[in-house]
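Asker: have a look; sequence and predicted model below, questions after that.
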Amino acid sequence: MINSECGLLEGLDEVDWAELGHAYGRAQDVPGQLTALCSQDEAARDGALRSLFSNIFHQGTRYSASPYAVPFVARIALAGPHAVRDGVLWLLTRLAIDWHDEYDLPRGIDIRAWRAAAAEVSMEEALAWYDEQIAAEPDEEKRSRIREIRAEWAAGRLMDSRASALLSYDAVRAELPGLLGLLDDPDSAIRTRAVYLSAWFPEEAATVLPRLLDRLQVEDAVTVKATALVAVGLHGDITLTSRLSPHLDAAEPLIRWAAATALARIGSAKGATGLGTDLTGHVIAVLAAAAADTPRPDIDYNEGDIPGYISRSLLSLADHDLETVLCGVADCLAVMPRDNTESTAETALAVAFVEPFRDGLPLFDHLTQGRRRLLLALVKFGPWGAYGKKFEESLRSRRLPDTRAALRVYVGLPDDGQDHRTECIWG
């Protein structure tokens, strides 16, 4: 019988872990790692947390063991050793969502699309596909390996990544009512983690949203409040405009950014009636100011890439003030992580240059200020090189110069002689 650790791990030995799988095979090591999370030994706790991140959440993939681990992880988040609760909450969040799941910022999670995608691949189809691979593979060693993988599928230890991720997501969703109690935890770091976790369950909005709004009324920690504002925007609708708009004038830049981000989302949501001209202008102005002077990035959304999040929010409001939006996006490109720029660059080009120049490229000085600012930013910070082929194609399709050297000449900068066709943006 495994030690129940005062109820945190009750039922742990009732799960047939050896019949479940994770990234490295059978999951019989998971009970020991969960037990170690409750240890008084700091090194043991840290090692167990690293191991769990590696095996039941491996580079974003969740496995058959992942949803079975969730109830125990949730109990430890609620009442485990204080030193481990922050990390355990982060593990719980990653077990629910990851960047390859069916969601995007600033819109949030599209749970209907995710559930539909998860239902596309049946067990029968997967096994039939492996049978085809086995029949077509001439190498006996490779064929044996495919048989092993097929056997794991047939035993339920492997499945389509979208389906396995959704099972893990739903396991966390089932624990959410209890986890919402952490919104009132005395530790602001725990409150931040709990608020962030609560942002990703639109099917629970009726329960989550009132708790978040209550938290906003009493919260004085800047990061918690900013995280909650964005979460309200992800769950809420246009009826919350009056609750969110006063925060646009808060003293803290991070709070102003969060309120503008929330309002941009609810104002541009499908079926929304919009925020109105004056409020939309205010939101764009706040976001543009944040782009030029980015608030400190102690926030989990968009992996802490606030400029990237700002650019997406601004582009969702481009119909209201294109010039200010393009200038703001240009400021974002200057400070966002370079390997995150491709999506922003392509979307901004599509918004700024809706139609290609069919009668010849105009002089750079004849473009609007927003277009000039954007192209100058793309020259300096665009995703040029081996990982930017789609970006270069986007330029070409609009009859714009499609190499960095040519674009530098067009915007009035001398060619710096670099071979950007072979440059790797990850360097």
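Answerer: Arrived safely. Residues are numbered from 1 along each chain as shown.

Asker: export stretch 45-65 as CSV, just CAs?
Answerer: Extracted in CSV, the C-alpha atoms of stretch 45-65 (Å, rounded to 0.1, in the frame of the first residue of the first chain):
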residue,chain,number,x,y,z
ARG,A,45,10.5,17.0,-4.9
ASP,A,46,12.4,18.9,-7.6
GLY,A,47,13.5,15.7,-9.3
ALA,A,48,10.0,14.3,-9.3
LEU,A,49,8.6,17.4,-10.8
ARG,A,50,11.2,17.4,-13.6
SER,A,51,10.5,13.7,-14.3
LEU,A,52,6.7,14.2,-14.4
PHE,A,53,7.1,17.1,-16.9
SER,A,54,9.3,14.9,-19.0
ASN,A,55,7.2,11.7,-19.0
ILE,A,56,3.5,12.6,-18.7
PHE,A,57,3.9,16.0,-20.5
HIS,A,58,6.7,15.4,-23.0
GLN,A,59,7.3,18.4,-25.3
GLY,A,60,3.5,19.1,-25.2
THR,A,61,2.3,15.5,-25.7
ARG,A,62,0.1,13.9,-23.2
TYR,A,63,-0.2,10.1,-22.8
SER,A,64,-2.6,7.5,-21.4
ALA,A,65,-1.1,8.0,-17.9
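
Asker: could you pull up the mean pLDDT of it?
Answerer: What stretch 45-65 shows for mean pLDDT is 93.

Asker: ok now that stretch, how far from the chain's centre?
Answerer: Here the centre of stretch 45-65 is set off from its chain's centre by 18 Å, with Cα atoms, centre = their mean, to the nearest Å.

Asker: and stretch 379-387, by the same measure?
Answerer: 23 Å.

Asker: in it, what counts as buried?
Answerer: Neighbour-count burial for stretch 379-387, counted by 16 or more other Cβ atoms under 10 Å, picks out 379, 381-385. For the C-beta atoms, the positions are set from N, CA and C on the backbone; glycine is no exception.

Asker: also stretch 313-327?
Answerer: 313-318, 320-322, 324-327.

Asker: in TSV, list the residues you listed along with distance to residue 26, secondary structure and pLDDT.
Answerer: Formatted as TSV, the buried residues of stretch 313-327 follow (distance: Cβ to Cβ, whole Å; DSSP: H, G, I helix; E, B strand; the rest coil; pLDDT from 0 to 100):
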residue	distance to residue 26	secondary structure	pLDDT
313	44	helix	96
314	48	helix	97
315	46	helix	96
316	46	coil	94
317	50	coil	95
318	51	coil	95
320	55	coil	94
321	57	coil	96
322	56	helix	97
324	56	helix	97
325	52	helix	97
326	54	helix	98
327	55	helix	97
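
Asker: tell me the two of these that are most distant?
Answerer: Farthest apart among the buried residues of stretch 313-327 by Cβ to Cβ are 316 and 327. That separation is 15.9 Å.

Asker: all strands of the chain, in order?
Answerer: 21-22, 25-26, 57-58, 61-62, 103-104, 108-109 (DSSP state E).

Asker: hmm, residue 345 and residue 394 touching each other?
Answerer: Yes. Taking Cβ atoms under 8 Å as the definition, residue 394 is a contact partner of residue 345 at 7.5 Å.

Asker: between the two, which one's more packed in?
Answerer: residue 345 (25 against 21; other Cβ atoms under 10 Å).

Asker: ok, now which ones touch the more buried one?
Answerer: 333, 378, 382-383, 391, 394 (Cβ atoms under 8 Å, 6 or more residues apart in numbering).
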